[in-house]
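A.B. asks: Next input, structure requested:
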Amino acid sequence: MDVTDAQETSPSSIDAVVAAWRTELDGRSSVPASDVQDHLLELWGRLPEGDLRSEIERWLTETLARQLYAVDDIDARLDQVLSQA
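C.D. replies: Residues are numbered from 1 along each chain as shown. Next up is the predicted model:
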């Protein structure tokens, strides 16, 4: 693993992705599933193999069957992501 890989999987990198996503969600009540997919893919790409990455994969799969997400739901899930990172 080179330095770039280490930075991409660091908790601070994950925190930054989540913080940026939350800033984008601010003031909104719902978002399209396609937006959720985009952010989940970015997050997934920064995570090492493991339980958290598998959880993001399950969430990604779920987005295929949905069209809309409530921001409150996303926030709750992001709290879980941060607690596991």
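A.B. asks: Poorly predicted segments of this structure, please.
C.D. replies: Segments of the chain classed as low confidence (criterion: pLDDT under 70) are 1-11.
A.B. asks: rerun at 50
C.D. replies: Along the chain, the model assigns pLDDT under 50 to residues 1-8.
A.B. asks: Run through the helices of it in chain order.
C.D. replies: For the chain, the helices defined by DSSP state H occupy 3-8, 11-25, 33-46, 51-63, 71-84.
A.B. asks: Grab the nearest non-local neighbour of Ser29.
C.D. replies: For Ser29, the nearest residue in space outside its immediate sequence neighbours is Val71; the separation is 5.8 Å by Cβ to Cβ, 6 or more residues apart in numbering. All C-beta spots, glycine's among them, are computed from the backbone N, C-alpha and C.
A.B. asks: contacting residues for that neighbour?
C.D. replies: By Cβ atoms under 8 Å, 6 or more residues apart in numbering, the contact list for Val71 reads Leu25, Arg28, Ser29, Ser30, Val31.
A.B. asks: Separate out the buried members of those.
C.D. replies: Burial by neighbour count, 16 or more other Cβ atoms under 10 Å: within these this picks out Leu25, Val31.
A.B. asks: Write down the beta-bridge partners of Pro32, one by one.
C.D. replies: In this entry, Pro32 is beta-bridged to Leu68, by DSSP bridges.
A.B. asks: That one touches Ala70, doesn't it?
C.D. replies: No. In this structure Pro32 lies outside contact range of Ala70 using Cβ atoms under 8 Å: 11.8 Å.
A.B. asks: What distance do you get for the residue nearest to Ser29 to Ser12?
C.D. replies: According to Cβ to Cβ, to the nearest Å, Val71 stands 24 Å off from Ser12.
A.B. asks: Same check on Asp79?
C.D. replies: 17 Å.
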